[in-house]
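J.: give me coordinates for this.
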Amino acid sequence: MFKDKKIIFLILVVFTALLGWEYSKYLNSDLRVVFLDVGQGDAVLVRTPGRHNILIDGGEGKQMNNKNIISKLWKYLPFFDREFDMVISSHPHLDHLGGLLNVVQSIKVKRILQSGVKYNTAEYQEWNRLINSKNIDYDIAVSGKEYLFKSSQGDVLLKVLYPFKNMENLEVEDVNDYSVVVLLEYADRKILFTGDISSDVEKGIADYKMAQDIDVLKVAHQGSDTSTSNLFLDSFNPEYAVIMVGKNNYGQPSRRVLKRLERRNIYILRTDKMGDIEIRINKKGEIKVR
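T.: Below you'll find the model as predicted:
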């Protein structure tokens, strides 16, 4: 009898510890931005102090080595709060969109934000079909739109910087150059998400009276040399640069891009070397990298 009670006690202790660990993820008052290691692609989880969940892209969706987007998300979200207030699809290339299909199929999503450009692939058609079939609120990203996520610890503001005009159902030469670009602001800190835009679009954004100092830059297009120009870096002057990249045959990240960052003493963070990268910002604006 005593032995049985001891086993039950140990089970209760372990269960309580696990529940406390899950609950601590729920109560944390920092802004948490997790750049998920999903191989060659982008997936970023944002959890606000007000416990709003935002997902920016979802990787390819068929990653190897246990890098599936769903299992990644469960690592950072408490089991009792697994729905998304907003999912942002920067553009419909598979290395950004694929995992979002899994997300929308299995998790409640309140709102979708995307450029809406025309793109003729089976995955993109399925994506739009899922949005319609599940009656998810749907917004077209246009420069000037803002979304406020309120909290007693301080509000989080999401600003759309690009595209400059409504691109819904329009054919474009390169969907990369119509990636949704958003700026996240909290406690006077700023994080810029750039999708896969090229240096031509970077120049347009910089010239469009949007240049400002930021704290964190999500480097475009896995560090390709077609992006992250000198002009863009000088215009936004980031302290940290996050490169989301996996094993590839494209020479990414480009050595030229790395040199541009190094010359400016920008601290480089890479998912291929560090795995998941978590940036936390508290209400005082203090930044911690994990």
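J.: so, low pLDDT: which residues of this protein?
T.: 1-28, 62-67, 209 (pLDDT under 70).
J.: 90 instead?
T.: The chain contains residues with pLDDT under 90 at 1-29, 61-69, 153, 207-212, 250.
J.: can you pull out the helices in the stretch 1-150 of the chain?
T.: Per DSSP state H, counting those that start in this stretch, the stretch 1-150 of the chain carries helices over the ranges 2-27, 69-76, 94-106, 122-133.
J.: mind listing what's buried along the second one?
T.: Translated: helix 69-76. Applying a neighbour-count criterion of 16 or more other Cβ atoms under 10 Å, one finds 69, 72-73 buried in helix 69-76. The way it works is simple: take the backbone N, C-alpha and C, and place the C-beta from them, glycine included.
J.: and what of the last one?
T.: Of the residues in helix 122-133, those scored as buried under the neighbour-count criterion (16+ other Cβ under 10 Å) are 123-124, 127, 130-131.
J.: hang on, the earlier thing: dump the buried residues of helix 69-76 into TSV; add distance to residue 285 as well.
T.: Shown next, in TSV, are those (distance: Cβ to Cβ, whole Å):
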residue	distance to residue 285
69	30
72	27
73	27
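J.: quick one on the thing from earlier: closest to residue 113 out of the buried residues of helix 122-133?
T.: residue 131 (11.1 Å; Cβ to Cβ).
J.: ok so residue 161 is a helix residue?
T.: No. According to DSSP: H, G, I helix; E, B strand; the rest coil, residue 161 belongs to no helix; its state is strand.
J.: what about it, how many neighbours?
T.: Neighbourhood size, residue 161 [other Cβ atoms under 10 Å]: 19.
J.: surely it meets residue 183?
T.: Yes. Contact status for residue 161 versus residue 183: in contact at 5.7 Å, counting by Cβ atoms under 8 Å.
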